[in-house]
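Enquirer: Requesting a structural model of the entry that follows:
(one chain, ligands or ions: 2)
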Amino acid sequence: MQRQKVKFVAGTPGKIGMYLCGPTVYSDAHLGHAKKEVAFDVIRRYLTHRGNAVRYVSNITDVGHLLNDADEGEDKIARRAALEKLEPMEVAEKYYWSFMDDMARLSVQRPSIQPRATGHITEQIELIQELIARGHAYEAGGSVYFDVRSWPSYGKLSGRKLDDQEEGTRETVRGEKRDARDFALWKKAEHGHIMRWNSPWGSGFPGWHIECSAMSLKYLGENFDIHGGGLDLEFPHHEAEIAQAEAAGHGFARYWMHNNMLTIGGEKMSKSKGNFTTLKELFERIDPQVVRFLLVGSHYRSVTEMSEDAFVSAQNGYRRLHDARAEVERRLVSAPKRSDALSAKVTQHVQAFEEAMSDDFNTPRAVAALFNLTSDVNAALAGEVGREALEQAKAAYDELGGQVLGLFDSGVANSASQDDTALVSTLMDVVLDARQHYRLSKQYEQSDALRGKLADVGVTVEDTKDGQRWKR
Ligand SMILES: Nc1ncnc2c1ncn2[C@@H]1O[C@H](COP(=O)(O)OP(=O)(O)OP(=O)(O)O)[C@@H](O)[C@H]1O
Ligand SMILES: [Zn+2]
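Expert: Residues are numbered from 1 along each chain as shown. Ligands and ions are numbered 1, 2, ... in the order given. Below is the predicted model of the structure:
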């Protein structure tokens, strides 16, 4: 809001309320979406690391996001539903879980609360009613619009003056609005529109912006600490969120943070440009931890340019840290009890990491501190190192690289999960061979016992005419 770095002071010391605009769930997420999620995940993790209790709310948009910002066009989810011959709610469910799976593989922590727009229609209607009552919104033809001219501070976040906004389009897209810059709070559902709810203005659905004002206020209260999102949302989405809340008499977010874009060949990666790589495609060839490492290596406010070279260097960098940490762990088993010079160096790198993160979450500098730590660790490991220094180094990797940056999460590594799949399949062959042996020798009790034990761990075995089949 102030267009500069400012000191952050939580409204209530030790407690931080954070809201992040989440995805519209109508397609698989791409690497650009991951930049945003990972950026704010790291911010949340660092604030937690500093001893704050963070309530992290991030919404799921499953209605009302239209194809075009001027309140025209189809609902993105409804259009996808028609394309895939699914119910709109089926589309939302499908891509919600797709998103959640991708985020889990990227080690993005789940939000404390993940409210859905369709689950908060009542709250949105109430907020719209407050706006109408205060004279900042009006009904027209079954829809309700925010009256931008009634709220002079509209534009204060993006710094846009009212007159600069949408210049020249005033007459063409005004339609039933009093002013082309007015935006929809509620839209009348036309014939055939599936996602619709009853409201004081007839059957319809909420505009896209209103859900974030209603749900952030509901779960974080007035004057909550931090509101985040992509830079592309600053105008009109965040501007609208502020206006909707404040014009209805509520104090809104105290700090605004926006991540910059992930680009490819200098252009924003986006679905509509077709220059995107979905996370699922990417994870087939690149370990999700390396993807995360690449994203963390650039500052949230900087543009991240993606290229094959960037992945190669991320791969090498990640391996360097990962291997040093693993070696420290291995050497700890038999380390002698004594102190040595590495201790002071670890302390110094930990401090550098903390300073970098406390300076507007400067992750590239924080990663550099981990590399410096690794140089010193590797140099020390050439000789004998005492237990104390190794424990300190291990804690630095685990607390800073692990808990704060979300790295070294072996549970999500692509290669590991592929290895596991192969291993499970081989082990199942062994078990089913044994069961077959019991059955052929009529030892049915043992064969049933094996099946029972598999069922206990969620594996069901069926006997078909083609032999045993298993699934989990
Ligand atoms: N390339 C990107 N870099 C960083 N963040 C992005 C990028 N693309 C999308 N986002 C973030 O994810 C949010 C949702 O993106 P959205 O679903 O509109 O994707 P998109 O690919 O930009 O789609 P479209 O091209 O249809 O607008 C954006 O508002 C933005 O905050
Ligand atoms: Zn939002």
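
Enquirer: separation between the closest residue to ligand 2 within the stretch 151-300 of the chain and residue 112?
Expert: Closest residue of the stretch 151-300 of the chain to ligand 2, Cβ to the ion: residue 212 (3.1 Å). Every C-beta, even on glycine, is put in place using the N, C-alpha and C of the backbone. The gap separating residue 212 from residue 112 is 16 Å, by Cβ to Cβ, to the nearest Å.

Enquirer: Do you have the helices of the protein handy? List them.
Expert: 31-49, 76-84, 88-105, 121-133, 208-220, 239-247, 279-285, 288-296, 308-332, 342-358, 363-381, 387-396, 414-440, 444-456 (DSSP state H).

Enquirer: Is the residue of the stretch 151-300 of the chain closest to ligand 2 in contact with residue 243, as I believe?
Expert: No. Counting by Cβ atoms under 8 Å, residue 212 stays clear of residue 243, with 11.8 Å between them.

Enquirer: distance of residue 426 from residue 13?
Expert: Residue 426 is 55 Å from residue 13, by Cβ to Cβ.

Enquirer: got CSV for the helices of the chain, with mean pLDDT, mean neighbour count and distance to residue 229 too?
Expert: Shown next, in CSV, are those (pLDDT from 0 to 100; neighbours: other Cβ atoms under 10 Å; distance: least, Cβ to Cβ, whole Å):
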stretch, mean pLDDT, mean neighbour count, distance to residue 229
helix 31-49, 98, 23, 7
helix 76-84, 89, 18, 17
helix 88-105, 96, 19, 16
helix 121-133, 98, 20, 18
helix 208-220, 97, 25, 9
helix 239-247, 98, 24, 9
helix 279-285, 97, 16, 19
helix 288-296, 98, 25, 16
helix 308-332, 96, 16, 24
helix 342-358, 98, 18, 21
helix 363-381, 98, 19, 18
helix 387-396, 97, 20, 32
helix 414-440, 73, 13, 28
helix 444-456, 89, 14, 45
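
Enquirer: Go through those helices and name the closest to ligand 1.
Expert: helix 31-49 (2.4 Å; Cβ to the nearest ligand atom).

Enquirer: and that closest one, is it in reach of ligand 1?
Expert: Yes. Using Cβ under 6 Å from any ligand atom, helix 31-49 reaches ligand 1 at 32, 33, 35, 36.

Enquirer: ok now do residue 385, which residues does it touch?
Expert: Residues in contact with residue 385, defined by Cβ atoms under 8 Å, 6 or more residues apart in numbering, are 331, 335, 340, 342.

Enquirer: Quick one: neighbours of the third one, just the number.
Expert: Yep, that's residue 340 we're talking about. 17 (other Cβ atoms under 10 Å).

Enquirer: OK, contacts around the closest residue to it other than its chain neighbours?
Expert: Excluding the flanking residues, the one nearest residue 340 by Cβ to Cβ, 6 or more residues apart in numbering is residue 386, at 4.8 Å. Residues near residue 386 by Cβ under 8 Å, 6+ apart: 335, 336, 337, 338, 339, 340, 342.

Enquirer: By neighbours, which of those wins?
Expert: residue 342 (21 neighbours).
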